[in-house]
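Asker: Sequence and predicted structure are below.
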Amino acid sequence: MIQLTNLDGKSFVLNAELILSVEATPDTRVILLDDRKYIVREGPDEVVERIMRYRQAIHGHFPGHAPVRAPEVEDGQ
């Protein structure tokens with residue numbers, strides 16, 4: 001899930017796995033697989049960055065980006 005902001009300033013979370021595309025029209029439109037559309041305050045680059053961070057956290061490392069590392073745990077804990 002990624003957090004976004006609609007045009008009236010209210011935050012909401014969206015399932016990033018359902019996003020088909022992100023367009024600048026000039027407002028940023030997020031289009032889902034079922035053709036629902038959301039207009040958001042964040043620019044397309046920011047939306048894509050949030051999607052990438054979400055997917056990296058869920059699925060692991062993307063080439064060209066630093067991997068997310070779990071906190072180190074001392075032995076015996």
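Answerer: Arrived safely. Numbering: from 1, shown residues only.
Asker: so Leu29 sits in a strand?
Answerer: No, residue 29 isn't Leu; it's Arg. Yes - judged by DSSP: H, G, I helix; E, B strand; the rest coil, Arg29 forms part of a strand.
Asker: if I pick the closest residue to it other than its chain neighbours, what's in contact with it?
Answerer: Distances taken as C-beta to C-beta, 6 or more residues apart in numbering put Glu23 closest to Arg29, at 4.6 Å, once the chain neighbours are dropped. Every residue, glycine included, has its C-beta placed from N, CA and C. Contacts were defined as C-beta atoms under 8 Å, 6 or more residues apart in numbering; by that measure Glu23 touches Arg29, Ile31, Pro44.
Asker: Test for you: state the pLDDT assigned to the spatially most central residue of the chain.
Answerer: The structure's the chain has its C-alpha centroid closest to Ile51; by C-alpha atoms, centre = their mean the separation is 2.6 Å. pLDDT, Ile51: 94.
Asker: pretty sure it contacts Glu17?
Answerer: No - taking C-beta atoms under 8 Å as the contact criterion, Ile51 and Glu17 are not neighbours in contact, 9.3 Å apart.
Asker: thinking again about what came up before, closest to Asp8 among the contacts of Glu23?
Answerer: If you rank those by distance to Asp8 using C-beta to C-beta, Arg29 comes first, at 15.8 Å.
Asker: got a list of what that closest one touches?
Answerer: Each residue near Arg29 by C-beta under 8 Å, 6+ apart is listed here: Val22, Glu23, Lys37, Tyr38, Ile39, Val40.
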